[in-house]
Structures are given as C-alpha cells and as structure tokens.
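> coords please:
(chains A and B, ligands or ions: 2)
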Amino acid sequence: MIELLSYGAFFLTVALTYAIICLGLNVQWGQTGLFNVGVAGFVAMGAYTSALLTTPEDPVRFGGFDLPIAVGWLGAALMAGLLSVLVGLLTIRLRADYLAIATFGVAVVMQLCALNLEPLTGGPFGIGFIPRPFGWMAEDRLTFGLLNLGLVVLTTLGVYLALERLLRSPWGRVLRAIREDEQAALALGKNAFAFRLQAFAVGGAIMGLAGAVQAHFIGFIAPENYVPMLTFQVWAMLIVGGSGNNKGAVLGAVLVWAVWAATAALISAVVPPELQARAAALQIVMIGLAICIMLLVRPRGILGEVRTVSRHVHEASGKK
Amino acid sequence: MHFGGMRAVDGMSLELRRGEILGLIGPNGAGKTTMFNLIAGSLRPSAGQILAGGADITREAPERRIGRGIGRTFQIPRPFAEMTVLENVLTGAQHQTGENMLANFLQPGRVSREEHAAVDKAQGLLDFLTLSHLANEPARVLSGGQRKLLELARVLMADPKVILLDEPAAGVNPALLEFIIARILDLNARGTTILLIEHNMDMVARLCGRIIVMAQGKLLREGKPDEVARDPAVIEAYLGVAA
Ligand SMILES: Nc1ncnc2c1ncn2[C@@H]1O[C@H](COP(=O)(O)OP(=O)(O)OP(=O)(O)O)[C@@H](O)[C@H]1O
Ligand SMILES: [Mg+2]
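Ligands and ions are numbered 1, 2, ... in the order given. Predicted structure coming up:
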C-alpha cells in the first residue's frame, strides 16, 4: 500500500513537471501560434542554471554556488527567459518556419554545450548532488514523496493561475488578435512583434522553471535528458490535452506520461532483458499512436481551445 | 508604389483637410486601396512622402499610426474570427494598462476599472452600429454587411481623428446604406475627418464636399461631386474607353 502510494506520488510529481513545460509551450503555440520545436533546449537551460546555482562547490567545474533552491528556480526562469528573448529578437520577425528552425537549432546547441563544455556542465556525466527539496526527510520515503508532490502541485497551480489571469487580460486578448489577423491588429496599434516576443519569453521562462523543478526532484542531470524526444513528448501532451487550453495542457501531460510509464512497465514485465533496450522504442510508438488517435477522433484535443474572454468582460456583462 | 513591374500608385498626391469628408473614387484597380495602405503604413512607398500634421511618417511602422490619430478599415473586412464581437471592438481600445503584462499583477484595480470603461464604450458603439445583439457571438458568424459594421466599430473604439474608410457600404442592403451614411455624417459632425473610398456615386455625392478621382494609379481629377461626375475624362475612365 505504502509502496503504491509513494509510486503514485512519484508518478504525479514527474507528470506535473512535464505539465509545467507544457503550460509554457501552450503560451507560445496555443495562444500565440509560435512554433517552438526546441523545447528541450529551454528546459535544459533552466535545469543547468539551477543546478549550477544550488549545488555545493565542485573543484573540477565552475560553481556550484550553494545557493537556496528558490534562488536556483528563479535564476532558471530568468536565464531561459533571456535565451528566449535572444532567439526571439533574431527570428520572430522572420517567417514562422524560420522560428521553428531556429528553436530546433537552439536545442541542438544547448545539448552540445551540455555535452562538451565540461568545466561548466560536467560534460557527459552531467551534474549530481543537486539539492532536493525537503532533503532532510529523505529517509521517510512516503512523507518525502508527498511533500515533493505538494511542492510541485503548488508550483504548477501557481503557473496555471498566473497564466489564466494573463490570458484573460487585455494582454491575452491582443495575443489572440495578432494570431487571428496580424494586419488588423497592427492597424489597431498593436505592436505584433513586441507582443509575440513577450509571449515567447514567458513561455521560455516557464520551460526553464520546469527544467529546474525536474532537476531538483531527480537530483542529477545529464545531457541525454534534453534530447529532441523531450520536445516530442511535450508536443504530444499539448496535442492530446488540447492546444490553447491550460487545463488541457496539464491533463495532456498527465495522460501522456501515464501512457509512457505504463508502456515502460509493460516492456520490463514482458520483454526478455536482453531485448528491453530495443523495445523501449515501443514507448515512442505508443505516444505516436496516441497522437494519431487523438487527431482522428478529437483533432482539437481532449479539452480543446476555450473561447477565452477577458474576465473583466464576464464581470461587466454579468452585471447587465 | 509598384508591385513587380506594375505601378499601382504613381505620382499621386492628395491632401486631407481637417474636418472634411474627402471622397476617393476611381475604377476597379485604380490604386485606391493601395493608396490607403500607403497612408496607413501597411505598404512603404518606393518614392514620396506621407505627412501627418506636419510630421513625416513615411517610414513609421503601421502600428504607430493610430497613435497619430489615423485609423483605417479594410475593404475586405478582417475580423478576429474566433474572438467575440465585443472583444473585437475592445481590441481597438488604446492606452490600456492591461496590455502591459505585469500591470495585470501589479495594478489589477486599475486594469479592471479601465476594462469596465472600455466594455461600456464598446457596448455603446455596438448599439450605435446595431450589432449589440451579436456582442457575445464569435465574429466568424457575422454576415458580410455586419462585418463591415464591425470594422467600423473596432476602429471607432480607438477614437481616431482621421478615418480611412474603404468602401464601408459595399455589399450592404439599401436600408443599411442609409444607416451608414447617417453614421458617417454623425461622426463627421463630431469632428472626425474622413477619407472615403466608395463606388456608389450617390452616396459619395451626399457625403463628400470634395472628390478625388484616380485612374491607373494617377490623379485624374479633383473637384466638387457634380463637377467631377460630368467630367468627360472621368466618364471615359469609368467606361474603360480610355486606355
Ligand atoms: N499585393 C499586391 N501585389 C500585386 N499587385 C497588387 C497588390 N495589391 C494591389 N495590386 C494591384 O494594384 C492595382 C491597384 O489595386 P487597388 O487594390 O489599389 O485597386 P482599387 O482602386 O482599390 O480597386 P477596387 O475599386 O477594385 O477596390 C491592381 O491592379 C491590383 O491588381
Ligand atoms: Mg480597393
């Protein structure tokens, strides 16, 4: 029973870290139509930043600075946000497909940096001893797991509520207007470039934060965590849950992660050990299948886009 | 202004005087809409200047022009299809604190007050243009004529000093036409300067004190409506005799 509970806590914690990434992607794609195919790069930026800031000093590499975890998370969001601004400044003015290529490039470069800038990132072995929240409780596995779950739930909720407020604000309305018809939005005085850049930066910062949360929950990071597969998973989550819908982003993350974990469990139960490494590809197949079924049955995702209306409009017309 | 080898607007010049309703007419493809796009900044002229109240705005970005008081509607309406009619109009509001991302967290009270004021104003405009019963429908359900009205409501929300109207009455029924004419006169009486593109000569004659005729990207005539309508060169251009 306790085993099951602590596995449940573990599962949900990991799923929710993906949910945060997925919320970030939803700001970029779901709300603004910015095609980011380098999600992993922004997550990696956050993870490595927080790891450098919070790990104890290590003689063979730069840092760590032994700072509090909260500082690491803030730094992660900030650095990933800055990276997004930089990429955005260079590419958002260009055609949409250039942004896709550029973000893909960012992810590749970030992974290569993680792999090769050994003095900074620890190279292929990555960074260990990342402090875990409530680390002093680690002996009591269940309590420890539940406390961590609580922290991740709170973080996800905070991000979710902040995004809902933004998307139902005049700011969110301008984003939708720009996505619907840029020419018309320009004629009404909306600086499309500036708004897109902001949305891209907010989304990137959230991905960075998620990367940090993930890193601290697992305790170590390595370059192979931040491969295109991660980007693929997050996109699958958004498509399944419903692009343009924050609840959908969270739901999709939990469901797709469940498919992923269940397939892994099935493989380790049924497939003989010497074939398991190869059978892991089945996980990808299963997610691909989930996307295909979704696109056929419910192309807008489980929850689908909500017609977000500014909350003030609701209040005002409610009064009438 | 040229597209490839074709000169769509060439050596054209016009002056819009404060408080007037200036008509811009000419056969299909004369370059009227292109002229609007140049004034509104959607297109950059390959040569020439755009001045607004003495300032040179030739190179100014399109999204800055409304700040100068220049609003425009589109010949083919461009509603934000998935947004409600009311939200379409709200998007026209200028200087909204809530369009600053952080203000939504730091000054929620102010954002909320401004939004309430904007919603009241937008609902007033929808009443004015007889769209209020559609306020909460997505704009994509609107008919062609209703879209024209929405274009107008949206730009009026920005309180422009000058409005460029590109065929505001095209495709609307005669009753609605009278209605639009009355609305335009009303706006003008309240001090809005209007540049009107229109093919309906009757409407132009009733609204405009002065008319400019374009043909093949060039200025053909300028004058009072009745003078222009009798001008042989204008008649020729419309009938396509002159090439
Ligand atoms: N983006 C473009 N690319 C190429 N040619 C264009 C473009 N926009 C307009 N043109 C051409 O420029 C000419 C002028 O077009 P414009 O839309 O200004 O005409 P108009 O006077 O508004 O006509 P109408 O009364 O039919 O609306 C036309 O021959 C048109 O084909
Ligand atoms: Mg035209």
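
> which other helices and strands contact the helix of greatest length in chain B?
Identified as the longest helix of chain B according to DSSP state H is helix B:108-128. Where contact means 3 or more Cβ pairs under 8 Å, 6 or more residues apart in numbering or on different chains; DSSP states H and E, helix B:108-128 is packed against helix A:311-319, helix B:85-91, helix B:103-106, helix B:144-156. C-beta: built from backbone N, CA, C; applies to glycine.

> contacting residues around residue A:178?
Residues in contact with residue A:178, defined by Cβ atoms under 8 Å, 6 or more residues apart in numbering or on different chains, are A:32, A:185, A:190, A:192, A:195-196.

> and it, that's in a helix?
Yes - read with DSSP: H, G, I helix; E, B strand; the rest coil, residue A:178 is one of the residues of a helix.

> for burial, what's the neighbour tally of residue B:22?
Using other Cβ atoms under 10 Å in any protein chain shown, residue B:22 is surrounded by 19 other residues.

> I should have written residue B:90 there, sorry.
So residue B:90, with other Cβ under 10 Å, has 27 neighbours.

> quick one: residue B:196 is in a strand?
Yes - assessed with three-state DSSP, residue B:196 lies in a strand.

> my guess is residue B:170 contacts residue B:75. True?
Yes - taking contacts as Cβ atoms under 8 Å, residue B:170 lies within contact range of residue B:75: 7.4 Å.

> for residue A:100, give me its contacts.
A:35-37.

> just the C-alpha atoms of the strand or helix carrying residue A:173, please, in PDB.
Taking DSSP states H and E as the criterion, residue A:173 maps to helix A:170-180. What follows is helix A:170-180, C-alpha atoms only, in PDB (Å, rounded to 0.1, in the frame of the first residue of the first chain):
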ATOM      1  CA  PRO A 170      -6.200  42.700 -22.300                       C
ATOM      2  CA  TRP A 171      -2.700  41.400 -22.900                       C
ATOM      3  CA  GLY A 172      -4.000  37.900 -23.800                       C
ATOM      4  CA  ARG A 173      -6.700  39.500 -26.000                       C
ATOM      5  CA  VAL A 174      -4.000  41.300 -28.000                       C
ATOM      6  CA  LEU A 175      -2.100  38.000 -28.400                       C
ATOM      7  CA  ARG A 176      -5.200  36.300 -29.800                       C
ATOM      8  CA  ALA A 177      -5.900  39.200 -32.100                       C
ATOM      9  CA  ILE A 178      -2.400  39.100 -33.500                       C
ATOM     10  CA  ARG A 179      -2.800  35.300 -34.100                       C
ATOM     11  CA  GLU A 180      -6.100  35.800 -35.800                       C
END
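
> next SSE after it?
Immediately after helix A:170-180, counting by DSSP H and E, sits helix A:182-187.

> kindly calculate the angle that the helix or strand just after that next one makes with helix A:170-180.
Sequence-wise, the next helix or strand downstream of helix A:182-187 (DSSP H and E) is helix A:192-218. What separates the directions of helix A:192-218 and helix A:170-180 is an angle of 110 degrees, with axes from the mean of the first three to the mean of the last three Cα atoms, to 10 degrees.

> how about helix A:192-218 against chain B, any contact?
Yes - using Cβ under 8 Å from any Cβ of the partner chain, helix A:192-218 reaches chain B at A:192, A:198, A:202.

> okay, now residue B:227: neighbour count?
Other residues within reach of residue B:227, judged by other Cβ under 10 Å, total 12.

> I meant residue A:137, not that one.
16.

> how about it: what's its closest non-neighbour residue?
Spatial nearest neighbour of residue A:137, excluding adjacent residues (Cβ to Cβ, 6 or more residues apart in numbering or on different chains): residue A:144 at 4.5 Å.

> and the helices in chain A?
Under DSSP H, chain A gives helices at A:2-25, A:39-54, A:69-91, A:96-116, A:118-121, A:141-167, A:170-180, A:182-187, A:192-218, A:228-241, A:246-270, A:276-279, A:281-297, A:311-319.

> can you give me the buried ones in stretch A:67-85?
Using 16 or more other Cβ atoms under 10 Å in any protein chain shown as the test for burial, stretch A:67-85 gives A:67, A:69, A:72-77, A:79-85.

> does chain B have contacts with it?
No - Stretch A:67-85 lies out of reach of chain B by Cβ under 8 Å from any Cβ, never closer than 12.0 Å.

> next one: that stretch to chain centre, how far?
14 Å (Cα atoms, centre = their mean, to the nearest Å).

> name the residues that touch that stretch?
Contacts of stretch A:67-85 (Cβ under 8 Å, 6+ apart): A:41-43, A:45-47, A:49-51, A:53-54, A:106, A:131, A:133, A:197, A:200-209, A:211-213, A:216.

> cutoff 7 Å now
A:42, A:45-46, A:49-50, A:53-54, A:131, A:133, A:197, A:200-201, A:204-205, A:207-209, A:211-213, A:216 (Cβ atoms under 7 Å, 6 or more residues apart in numbering or on different chains).

> residues near residue 175, how many?
Assuming you mean chain A. Residue A:175, neighbours per other Cβ under 10 Å, totals 28.

> chain B, not that one
7.

> by how many degrees do the longest helix of chain B and helix B:144-156 diverge?
Going by the same axes, to 10 degrees, helix B:108-128 makes 140 degrees with helix B:144-156.

> rounded mean pLDDT for helix B:108-128, please.
Mean per-residue pLDDT for helix B:108-128: 93.

> again, but for stretch B:170-183
84.

> tell me if that stretch is near ligand 2.
No - counting by Cβ under 5 Å from the ion, ligand 2 has no neighbours in stretch B:170-183; the shortest distance is 9.1 Å.

> for that stretch, C-alpha coordinates in PDB please.
The C-alpha trace of stretch B:170-183 is given here as PDB (Å, rounded to 0.1, in the frame of the first residue of the first chain):
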ATOM      1  CA  ALA B 170     -20.100  47.700 -50.300                       C
ATOM      2  CA  GLY B 171     -22.400  44.800 -50.100                       C
ATOM      3  CA  VAL B 172     -24.800  46.200 -47.600                       C
ATOM      4  CA  ASN B 173     -28.500  46.500 -48.200                       C
ATOM      5  CA  PRO B 174     -30.100  49.800 -49.100                       C
ATOM      6  CA  ALA B 175     -31.600  50.300 -45.700                       C
ATOM      7  CA  LEU B 176     -28.300  49.700 -44.100                       C
ATOM      8  CA  LEU B 177     -26.700  52.100 -46.600                       C
ATOM      9  CA  GLU B 178     -28.900  55.000 -45.400                       C
ATOM     10  CA  PHE B 179     -27.900  54.000 -41.900                       C
ATOM     11  CA  ILE B 180     -24.200  54.000 -42.700                       C
ATOM     12  CA  ILE B 181     -24.400  57.400 -44.400                       C
ATOM     13  CA  ALA B 182     -26.200  58.800 -41.300                       C
ATOM     14  CA  ARG B 183     -23.400  57.300 -39.100                       C
END
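
> quick one: contacts of that stretch?
B:144-145, B:148, B:168-169, B:203, B:206-207.

> sorry, back to before: neighbours of the residue nearest to residue A:137, how many?
19.

> how close does it sit to ligand 1?
Residue A:144 sits 63 Å away from ligand 1, going by Cβ to the nearest ligand atom, to the nearest Å.

> surely that residue meets residue A:135?
No - the criterion here is Cβ atoms under 7 Å, and residue A:144 misses it with residue A:135 at 8.4 Å.

> strands along chain B, start to end?
B:2-3, B:6-7, B:21-25, B:51-52, B:55-56, B:70-72, B:162-166, B:193-197, B:210-215, B:218-223 (DSSP state E).

> before we move on, the earlier item: filter the contacts of stretch B:170-183 down to the buried ones, ChimeraX style.
Here is the ChimeraX command that selects the buried residues among the contacts of stretch B:170-183 (16+ other Cβ under 10 Å):
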select /B:145,148,168,169,203,207
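
> make CSV out of the contacts of stretch B:170-183 and add distance to residue B:108.
As requested, the contacts of stretch B:170-183 are exported to CSV (distance: Cβ to Cβ, whole Å):
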residue, distance to residue B:108
B:144, 39
B:145, 39
B:148, 36
B:168, 38
B:169, 42
B:203, 46
B:206, 48
B:207, 44
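
> now, which of the contacts of stretch B:170-183 sits nearest chain A?
Of all those, residue B:148 has the smallest distance to chain A: 13.6 Å, by Cβ to the nearest Cβ.
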